[in-house]
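>>> Mind looking at a prediction? Sequence and model below.
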Amino acid sequence: MTSKTLIKGGRIIDPAQGIDQISDLLMVDGLIEEINTSISKPRNAEIFNAEGLIVSPGFIDIHCHLREPGEEYKETIETGTAAAAAGGFTTVCAMPNTQPAMDNQSVVEYVLRKAKETALIRVFPIGAITIGRKGKQLSEMSELADLGVIGFSDDGDPVEDPNIMRQALGYSADLKLPIINHCEVPSLAEGASMNEGWVSNRLGLKGMPASAEEVMVARDISLAELTGGHVHIAHASTRGTIALIESAKATGIKVTCEVTPHHLTLTENAVMGHGKDDFQPLDNNAYDTNAKVNPPLRNKSDVNSMIESLNAGIIDFIATDHAPHSAVDKMTTFQDSSFGISVLETALGSLMTLVDKGQMEVNTLIKKLTSDPATFLGKNIGNLKNGTSGDITIFDPNATWTVDPQNFISKGKNTPLEGALLKGKIKATFFQGIKVY
Ligand SMILES: [Zn+2]
């Protein structure tokens, strides 16, 4: 029996095809069949009324932490992908800092099997660069590539040894897969729990300077040039990082980068508990461990640089760095708290504030969540072309809602946006033609 869904009267935005128009969209048997200004209801079709709503390709997240195997108390593939679907995502890439790490075939096979059994949406694993993510010896990269990992990363930890990074990038060139590095010089960041600046001084917390990130970005760009490999800079957060990437791109070096929703919308002031900038009203106090994240929330100049560079195409796409933690990991002193924010379910609502303030077009925002990450993956997803998978996100750009982490599907309730009023709400997510949210 064929299944049909007709989405009626929505504003369809598909950056891959340059579509932005009020239209109907028909899905048949999990595939996109047709987009047209008026499609009459086929027999037995389910109807979804999308009047006043935006209909876009399902969002793609290149960087999230699903915590399985090993830390299922923080998140599982099942809860993480359900949270992703609630946030409008139909594809997520799972970081390998699990326990054990995804550094060999059996762990990656386990993740793929669990995803097949429990995930609501598509999951692509990312392989570890080094064994145990210890930075000493390369993993079996080509065997992991055979299983379908979309890249390699020791995320959570940087690859400290430049010679290991050189070797990894050499393999990257052969395998045609990116090396995704969490750039942070350990000795410059040691003991630090937030950005180095006036807030860290005021609060008496050790800060990490922008240079901790930039020195390693510069190194990685140099090594990418040397080897011909592709380096992808995870969660870029400083103005200096962007300047390095811009000039490297201009000379043809294979470097790409991503930015998170929080580095586009929050500053270090959030650690101070000060009004969270644009997310009023909030009355959180200083030393909010939910604002502790790595890389840290930076200053206003850095945030402005992120927005400008995303608009200019220097930053390739948005990725969440969804990092769920348990209450125990966060109900500590600021120093002792784990780094990370639960992002999947607030991503759209927080990013839409940029649109609301006129800092970004909604089409650009959708492009950076769909076709641009799809280009990075080299896969035919993130678009609404006829015959592609029926991965669709439908959201109300004007609906407002207050963030209550207790309502999150994610096990991670750790968000600095608790109590914030956001505008932009996911109404439905379809994956392969099936409504998963
Ligand atoms: Zn990271």
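It's in.

>>> burial count for the residue of the stretch 151-300 of the chain found nearest the ion?
The ion sits closest to His182 of the stretch 151-300 of the chain, with a gap of 3.5 Å, by CB to the ion. The way it works is simple: take the backbone N, C-alpha and C, and place the C-beta from them, glycine included. When neighbours are defined as other CB atoms under 10 Å, His182 has 22 of them.

>>> Thought Asp154 was touching it, still the case?
Yes - the pair His182 / Asp154 is scored as a contact, 7.0 Å apart, by CB atoms under 8 Å.

>>> which residues in the stretch 301-437 of the chain form strands?
Assigned by DSSP state E, counting those that start in this stretch, the strands in the stretch 301-437 of the chain fall at 317-318, 392-402, 421-431, 434-435.

>>> helices or strands next to the second one in the packing?
For strand 392-402, the helices and strands in contact under the criterion 3 or more CB pairs under 8 Å, 6 or more residues apart in numbering; DSSP states H and E are strand 4-14, strand 54-57, strand 89-94, helix 347-356, strand 421-431.

>>> nearest to Asn201, of these?
Ranking these by proximity to Asn201 (CB to CB) places helix 347-356 first, at 27.2 Å.

>>> which residues make contact with that closest one from outside it?
59, 61, 87-89, 261-262, 264-265, 278-279, 307, 318, 320, 360-362, 365, 395, 397, 401, 403, 417, 420, 422-426 (CB atoms under 8 Å, 6 or more residues apart in numbering).

>>> quick one: it to strand 392-402, angle?
80 degrees (axes from the mean of the first three to the mean of the last three CA atoms, to 10 degrees).

>>> i'd like the first residue to be 31 from this point on
Renumbered: residue one is now 31, and that last one reads helix 377-386.

>>> got the buried residues for helix 377-386?
Ala377, Leu378, Gly379, Ser380, Leu381, Met382, Thr383, Leu384, Val385, Asp386 (16 or more other CB atoms under 10 Å).

>>> Which of these sits closest to the ion?
When these are compared for distance to the ion (CB to the ion), Ala377 wins out at 16.4 Å.

>>> Give me the residue ranges of the protein where confidence is low.
Where the chain drops to pLDDT under 70, the residues are 31, 304-314.

>>> Show me what from it comes close to the ion.
The chain comes close to the ion at residues Asp185, His212, Ala264, as judged by CB under 5 Å from the ion.

>>> Burial check on the residue nearest to Asn324 when sequence neighbours are not counted, number of neighbours?
The shortest distance from Asn324 to any non-neighbouring residue, by CB to CB, 6 or more residues apart in numbering, is to Phe369 (3.9 Å). By the criterion of other CB under 10 Å, Phe369 has 17 neighbours.

>>> Now for Phe369: which residues touch it?
By CB under 8 Å, 6+ apart, the neighbours of Phe369 are Lys322, Val323, Asn324, Ala353.

>>> Let me have those in TSV, extended by secondary structure and distance to Ile69.
Formatted as TSV, these follow (DSSP: H, G, I helix; E, B strand; the rest coil; distance: CB to CB, whole Å):
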residue	secondary structure	distance to Ile69
Lys322	coil	49
Val323	coil	44
Asn324	coil	47
Ala353	coil	41
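
>>> Now list the buried members of those.
Of these, these count as buried by 16+ other CB under 10 Å: Lys322, Val323, Asn324, Ala353.

>>> And for the second one, nearest residue in space, chain neighbours not counted?
Same thing as Val323. In space, and not counting its chain neighbours, Val323 is closest to Ile371: 5.0 Å by CB to CB, 6+ apart.

>>> That neighbour is in contact with Pro325, isn't it?
No - look at Ile371 against Pro325 with CB under 8 Å: they stay out of range, at 11.6 Å.

>>> quick one: the strands in the stretch 31-180 of the chain?
34-44, 49-58, 61-66, 75-79, 84-87, 89-94, 119-124, 152-155.

>>> Please disregard the earlier target; I meant the stretch 181-330 of the chain.
182-183, 209-211, 224-225, 237-238, 261-263, 285-289.

>>> Could you save those strands as a markdown table and add columns showing mean neighbour count and distance to Pro72?
Below are the strands of the stretch 181-330 of the chain laid out as a markdown table (neighbours: other CB atoms under 10 Å; distance: least, CB to CB, whole Å):
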| stretch | mean neighbour count | distance to Pro72 |
| --- | --- | --- |
| strand 182-183 | 29 | 44 |
| strand 209-211 | 28 | 43 |
| strand 224-225 | 26 | 55 |
| strand 237-238 | 22 | 57 |
| strand 261-263 | 27 | 42 |
| strand 285-289 | 25 | 40 |
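
>>> Could you report the neighbour count for Thr109?
22.

>>> Count the residues that sit near the residue nearest to it when sequence neighbours are not counted.
Nearest residue to Thr109, sequence neighbours excluded (CB to CB, 6+ apart): Lys441, at 5.2 Å. Close neighbours of Lys441, defined as other CB under 10 Å, add up to 21.

>>> For Lys441, give its distance to Lys146.
21 Å (CB to CB, to the nearest Å).

>>> circling back to that earlier point, so which of the strands of the stretch 331-467 of the chain is the most packed in?
Mean neighbour count (mean count of other CB atoms under 10 Å) peaks for strand 347-348 among the strands of the stretch 331-467 of the chain, with a mean of 26.

>>> Report the strands that pair with that one, each with its relative direction.
As defined by DSSP bridges, the strand partners of strand 347-348 come to strand 285-289 (parallel).

>>> got a list of contacts for the strand it pairs with?
Here strand 285-289 makes contact (CB under 8 Å, 6+ apart) with 92-93, 208, 250-251, 254, 260-267, 271-272, 275, 278-279, 336, 339-340, 344-349, 406.
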